[in-house]
Structures are given as C-alpha cells and as structure tokens.
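Asker: just coords:
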C-alpha cells in the first residue's frame with residue numbers, strides 16, 4: 001500500500017484507540033469515589049497481566065533469523081537498562097533520604113523496560129511492513145526474557161540493604177514461588193512454548209486466557225482515571241524521566257546504526273519504532289510486588305511512569321512515521337532535543353520535586 005494510505009490508516013486506528021482509552025480513563029476519573037483503586041490494581045496485576053504473560057510466551061516460536069534479531073534486541077535491552085540508570089541518577093541525584101532513594105531505584109528499573117506489542121507493532125506493521133513486524137517480535141524476545149525472568153533478580157539485588165539482609169535470612173522467594181500468579185504464568189507459558197502448544201489448542205481455556213489478556217488495556221486505563229490524582233511534582237518528574245530515557249535511547253539507536261551499518265530504510269525505521277515503545281506493564285507488576293515486600297520501591301511512581309509512557313510513545317512513533325527516513329537520519333538531533341526538554345521540565349519543577357522527595 002502507498003505510504004499516504006498507510007499513514008491515514010494507522011492514524012485513524014491510533015486516534016480512535018487513544019480516544020477509546022481516554023474515554024475509559026475519563027470514566028474512571030468520574031467514578032473515582034465509587035471504584036476501589038486497590039482492587040482494580042490487584043485485578044490487573046494478579047489476573048490480567050499474568051494472562052498477558054502466558055499468552056505472550058505461548059506465542060513464541062523459533063526462526064532461522066532468531067539469533068541475529070535476538071542479538072539486536074539484546075543490545076537494545078542493555079542500552080535501555082543503562083539509559084534508565086543514567087536518567088534516574090541525573091534527575092534524582094545520588095543521595096537523599098529513603099523517599100528519593102526509592103524513587104531513584106524505581107525509576108531506574110521501570111524506565112529500563114518496554115512493551116512494544118501494544119505501543120509499537122501497529123506502527124511497524126503499517127510503515128515498515130509485515131516482515132519487519134515479525135523481525136521486531138524476534139528482537140523483542142530478549143526484552144521478554146529480561147522482564148519475565150531477570151527483572152525479579154534485578155529488583156532483589158537493588159533492594160534496600162536492610163531488606164536484602166532480611167531476604168537472605170528468611171530465604172525469600174524460596175517458598176510459594178509458584179503460588180504467585182505472575183510466576184505461575186511464566187512457568188506455564190515457557191512450558192507451552194517448549195512443547196509447541198498454542199493457546200488455540202487449549203480450547204476454552206486458551207480462549208479464556210486471551211480474553212483476560214485483551215482486558216488488560218481497558219482495566220489499566222480505567223485505573224489511570226481512578227488514580228490519576230497524584231498531586232505535586234509527580235507528573236513533571238515522570239515526564240522529565242521519560243524524556244531523558246527516550247533521548248538517551250535515540251542517541252544509542254543512532255550509534256547502533258553507524259556501528260552495525262544498517263542501511264535498509266525499513267529496518268532502520270522498525271528499529272526506531274521498537275526502541276520508542278512504552279514502558280512495561282509486566283515490570284509494574286514486579287515492582288508492585290517488591291514494594292509490598294518492603295524492598296524499597298515506589299509502586300505509585302512506577303504506575304505513573306507506565307500511564308504517561310503510552311501517550312508519549314504514540315506521539316514519538318507518530319512523529320517517526322511522519323518524518324520517515326529524515327527522522328531516522330536526524331536521531332542525534334532528536335535525542336538531543338528530548339534531553340533538552342527533559343532538563344527544561346526538571347529545572348522548572350525542581351523545587352516541587354525536591355519538596356516531594358524530602
């Protein structure tokens with residue numbers, strides 16, 4: 001199809017989707033006094049996200065291009081991890097009390113994750129092609145492995161020192177691990193993928209899992225409406241963190257293109273769209289569990305990062321699709337601009353941020 005038609009189609013779908021999710025969030029805000037935000041959070045993180053994990057892992061399959069695209073995806077995961085750490089350290093400093101340390105620890109972990117299936121794949125399919133969407137899915141495998149398997153270990157290693165001592169003393173995670181819905185979903189999904197079993201082969205059970213997985217976005221934005229009342233510096237702080245993360249990742253993508261000598265325009269655009277994905281809802285589930293265990297994380301901040309990352313990701317991906325090859329060629333300028341915007345937002349809100357994190 002022609003680029004102009006693809007542009008119109010994807011804009012129509014994305015605009016309609018944004019309006020749909022915005023309407024759901026508005027309904028949540030209007031019924032805030034009647035809906036239980038904690039109950040919605042439990043529903044999301046203990047039922048819908050595990051279903052999403054199970055469906056995602058069960059759909060994983062091997063390919064002859066797996067190694068090449070997985071290597072590229074692994075490089076992206078490592079760079080995002082580093083970019084998140086730099087952004088959190090630069091904007092939240094290296095010292096401070098418990099609140100600032102928890103915010104820095106949380107931002108460093110949550111910003112280093114991505115959820116491309118719901119924020120990037122539609123753009124990749126329309127502007128880079130179906131084949132590139134498959135390549136992006138392969139490149140997303142290391143991200144899934146990190147979010148599902150390694151992130152709990154990262155959270156434990158970066159926990160409060162006192163919490164780490166307590167974890168070692170009581171053998172944390174050694175008992176009842178499979179009783180946790182997220183862990184059970186990971187094990188079940190990996191087992192299905194290893195056996196080559198798809199959800200379609202599980203009859204009504206597979207259909208139930210897919211239905212639950214498809215409900216995570218509506219429930220998430222209903223929860224956004226219910227809980228989007230955090231006052232003070234949270235929103236400008238989150239915006240500054242996300243802009244810094246995207247700026248650093250854009251610079252990393254530009255360097256990758258030069259080192260790897262990627263010339264194909266569709267491959268370059270697909271890689272950029274993948275790198276601009278929203279933050280991971282699965283990571284939010286892990287952080288919420290770590291916060292409840294007293295490991296020194298801020299689940300509210302992680303939620304705010306996820307909520308704001310989706311519209312920001314869509315805006316950046318739309319800009320990349322409009323700019324096309326010109327946008328990709330100017331990634332250093334894009335990255336620099338995003339970093340400048342982050343610094344400006346942070347400077348304008350510095351006093352409020354410091355007051356919030358005292």
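Answerer: Structure's in. What do you need? Source: prediction; values computed, not measured. Numbering: from 1, shown residues only.
Asker: alpha carbons only for contacts and neighbour counts from here, please
Answerer: OK.
Asker: show me the strands in the chain, by range?
Answerer: Counting by DSSP state E, the chain forms no strands at all.
Asker: report the buried residues of stretch 242-259.
Answerer: 242-254 (16 or more other Cα atoms under 10 Å).
Asker: mind giving me JSON lines with these and columns for distance to residue 103 and pLDDT?
Answerer: What follows is those, written out as JSON lines (distance: Cα to Cα, whole Å; pLDDT from 0 to 100):
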{"residue": "242", "distance to residue 103": "14", "pLDDT": "96"}
{"residue": "243", "distance to residue 103": "17", "pLDDT": "97"}
{"residue": "244", "distance to residue 103": "15", "pLDDT": "97"}
{"residue": "245", "distance to residue 103": "15", "pLDDT": "97"}
{"residue": "246", "distance to residue 103": "19", "pLDDT": "97"}
{"residue": "247", "distance to residue 103": "20", "pLDDT": "97"}
{"residue": "248", "distance to residue 103": "20", "pLDDT": "97"}
{"residue": "249", "distance to residue 103": "21", "pLDDT": "96"}
{"residue": "250", "distance to residue 103": "24", "pLDDT": "96"}
{"residue": "251", "distance to residue 103": "25", "pLDDT": "96"}
{"residue": "252", "distance to residue 103": "24", "pLDDT": "95"}
{"residue": "253", "distance to residue 103": "27", "pLDDT": "94"}
{"residue": "254", "distance to residue 103": "29", "pLDDT": "94"}
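Asker: in helices only, show me the residues you listed.
Answerer: Among the buried residues of stretch 242-259, the ones falling in helices (DSSP state H) are 242-254.
Asker: between the residues you listed, which sits nearest residue 85?
Answerer: Nearest to residue 85 out of these is residue 245 (Cα to Cα; 9.0 Å).
Asker: number of residues surrounding residue 93?
Answerer: Neighbours of residue 93 under the rule other Cα atoms under 10 Å: 13.
Asker: which non-adjacent residue is nearest it?
Answerer: Once flanking residues are discounted, residue 93 sits nearest to residue 104: 7.9 Å by Cα to Cα, 6 or more residues apart in numbering.
Asker: next one: the residue nearest to residue 341 when sequence neighbours are not counted relative to residue 334, how far apart?
Answerer: The spatially closest residue to residue 341, leaving aside those adjacent along the chain, is residue 243, at 6.9 Å (Cα to Cα, 6+ apart). Residue 243 sits 11 Å away from residue 334, going by Cα to Cα, to the nearest Å.
Asker: need the per-residue pLDDT for residue 240.
Answerer: Predicted confidence (pLDDT) for residue 240: 95.
Asker: quick check: it touching residue 347?
Answerer: No - checked against Cα atoms under 8 Å, the pair residue 240 and residue 347 is beyond contact range at 9.4 Å.
Asker: and those two? which has more neighbours close in?
Answerer: Taking other Cα under 10 Å, residue 240 and residue 347 do not tie; residue 240 has more neighbours (25 against 14).
Asker: all helices of the stretch 51-200 of the chain, in order?
Answerer: Counting by DSSP state H, counting those that start in this stretch, the segments of the stretch 51-200 of the chain that form helices are 66-92, 98-110, 116-119, 121-127, 130-139, 141-145, 151-157, 161-170, 181-195.
Asker: hey, least reliable of these by pLDDT?
Answerer: helix 161-170 (a mean of 58).
Asker: just checking, residue 236 touches residue 343?
Answerer: No - with contact defined as Cα under 8 Å, residue 236 does not reach residue 343; the gap is 10.9 Å.
Asker: residues contacting the residue nearest to residue 93?
Answerer: Contact analysis of residue 104 by Cα atoms under 8 Å, 6 or more residues apart in numbering lists 88-89, 92-93.
Asker: pull out the buried members of those residues.
Answerer: So, of the contacts of residue 104, 88-89, 92 end up buried under the neighbour-count rule (16+ other Cα under 10 Å).
Asker: wait, which of those residues is closest to residue 297?
Answerer: For those, the nearest to residue 297 is residue 88 (13.4 Å; Cα to Cα).
Asker: quick one: residue 48 and residue 304, what's the gap?
Answerer: 19 Å.
Asker: check residue 193 too.
Answerer: In this view, residue 193 and residue 304 are 32 Å apart by Cα to Cα.
Asker: all set now, cheers.
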